[in-house]
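> sequence and predicted model, in that order:
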Amino acid sequence: MKLPRWLGNRYSLTSICFVAWMIFFDRDDIPTQWARHRQLEELKHSRDYYRQQTVLARHELDSMKTDPAVLERIAREKYLMKKEGEELFVITKDK
């Protein structure tokens, strides 16, 4: 069986081996790069979410500092605080 002429050339054979090594066997092969890219995109989405949550928390903090009604509303909703003489009923949903 005779090999094609281009395959018998040592430079083309070396190039083919090099490309195969880089695609499949190298530390930074193609599947690894794809996985890292997906992980990077997930981290970017997570970063954007936490930045948005930080902005909302800062806005809520500023409104609590300036408006006592907002402070009272948040204390009642989040921390279940009540005024003297009031009764508090907590309704929970079963899952």
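Everything's here; your move.
> endpoint to endpoint, stretch 81-90 covers what distance?
Start to finish, the residues bounding stretch 81-90 are 11 Å apart (CA to CA, to the nearest Å).
> need the mean per-residue confidence for it.
Model confidence over stretch 81-90, given as mean pLDDT, is 83.
> who's in contact with it?
Contact with stretch 81-90 is made by 75-76, 80, as judged by CB atoms under 8 Å, 6 or more residues apart in numbering. The way it works is simple: take the backbone N, C-alpha and C, and place the C-beta from them, glycine included.
> just give the number of residues close to R47.
The tally of other residues near R47 (other CB atoms under 10 Å) stands at 10.
> so which bits of the helix or strand where it lies are buried?
Using DSSP states H and E, R47 sits in helix 30-66. By 16 or more other CB atoms under 10 Å, the buried positions in helix 30-66 come out as M64.
> hmm, back to that, among the contacts of stretch 81-90, name the ones in helices.
Among the contacts of stretch 81-90, DSSP state H puts 75-76 in helices.
> which member of the contacts of stretch 81-90 is positioned nearest P4?
Proximity of the contacts of stretch 81-90 to P4 (CB to CB) peaks at L80, which lies at 79.9 Å.
> dump the residue contacts of the closest one.
Contacts of L80 by CB under 8 Å, 6+ apart are 88, 90.
> what does V70 give?
Taking CB under 8 Å, 6+ apart, we find V70 in contact with 63-64.
> and it, which of the three is it?
Assigned by DSSP: H, G, I helix; E, B strand; the rest coil, the conformation of V70 is helix.
> all set now, cheers.
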